[in-house]
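S.K.: coords below, sequence missing:
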Ligand code: ADP
Ligand code: AMP
């Protein structure tokens, strides 16, 4: 099962992708997490990506596509995966499509988590992330058990630099210009499904599970 999560920054793609990965035992692949891990480890890729991420801009396709294609070629991806934050541009989607066609394969579903812009700034300013294990929380909606500490690995939680309101506005503009066209791209392929992302995260997940059930996944 190969799934793409679509939606604005902060729509809940990562939250849902992790739940899907747990339930269906497939890897959750987040290009944002891969970049953040590289930044943390001080790699050349991380330093290059950071220049763009800090401004709320997209990392260039040349860098992003290679990382993603290498990742999905790993053995743990044989039975599928859930992509979170990739593709974010039409050229990225075309490269992924071509790579899959060459394998006689295709994306099963692109799930669009729909949240209006008005809700996004609040979501992002309340998001707290664990840069160690990638878990995310929300200070009001999905708080950790102990304030500021990751439930899963005990490391400190942070407000991501790119979640500050001024950067979020840029990220939303970038989303509307470069990523939203993917909704039409996957709709034309007949694999787009949209869920309301404004409801409780468990209800969002239930809606996604219903969609996947239709394709014979329990
Ligand atoms: P994305 O991966 O799309 O950028 P996240 O999954 O990190 O978004 O979610 C953004 C923020 O909103 C996080 O703080 C997360 O805990 C919170 N969140 C996710 N889903 C919901 C929801 N259904 N209701 C309220 N808050 C949510
Ligand atoms: P995310 O964790 O998905 O919110 O991504 C954080 C940031 O990483 C984005 O704002 C981009 O700067 C960068 N990024 C993540 N995925 C991609 C992608 N597929 N293409 C370009 N940039 C990306």
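M.R.: Received it, and whenever you're ready, just let me know what you need. All values reported here derive from a predicted model rather than from experimental measurement. Numbers count the residues shown, from 1 in each chain. Ligands and ions are numbered 1, 2, ... in the order given.

S.K.: when you work out contacts or count neighbours from here on, use the C-alpha atoms and nothing else.
M.R.: Noted.

S.K.: got a list of contacts for stretch 46-59?
M.R.: 35-40, 161-162, 167-168, 170-171, 174 (CA atoms under 8 Å, 6 or more residues apart in numbering).

S.K.: write out the residues of the protein neighbouring ligand 2.
M.R.: Within the chain, the residues that sit near ligand 2 (CA under 6 Å from any ligand atom) are 9, 31-33, 52-53, 56-60, 64, 85-88.

S.K.: in strands, which of the residues you listed fall?
M.R.: Among those, none falls in strands (DSSP state E).

S.K.: got a quick ChimeraX command for the buried subset of those residues?
M.R.: To isolate the buried members of those in ChimeraX, using 16 or more other CA atoms under 10 Å:
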select :9,31,32,33,53,56,57,58,59,64,85,86,87,88
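
S.K.: so which of the residues of the chain next to ligand 2 reach ligand 1?
M.R.: Okay, of these touching ligand 1 (CA under 6 Å from any ligand atom), that's residue 9.

S.K.: in helices, which of the contacts of stretch 46-59 fall?
M.R.: Counting by DSSP state H, the part of those found in helices is 35-40, 167-168, 170-171, 174.

S.K.: okay, and residue 193 sits in which element?
M.R.: strand 192-196 (DSSP states H and E).

S.K.: in stretch 91-102, what's buried?
M.R.: 92-93, 95-96.

S.K.: now do the strands in the chain.
M.R.: 2-6, 28-30, 81-84, 109-114, 127-130, 136-138, 157-158, 192-196.

S.K.: residue 148 is nearest to which of those?
M.R.: Minimum separation from residue 148 across those (CA to CA) falls at strand 157-158, 5.0 Å.

S.K.: picking up where we left off before, need the buried residues of stretch 91-102 in CSV (columns: pLDDT and distance to residue 202).
M.R.: Shown next, in CSV, are those (pLDDT from 0 to 100; distance: CA to CA, whole Å):
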residue, pLDDT, distance to residue 202
92, 98, 30
93, 98, 28
95, 97, 33
96, 97, 30
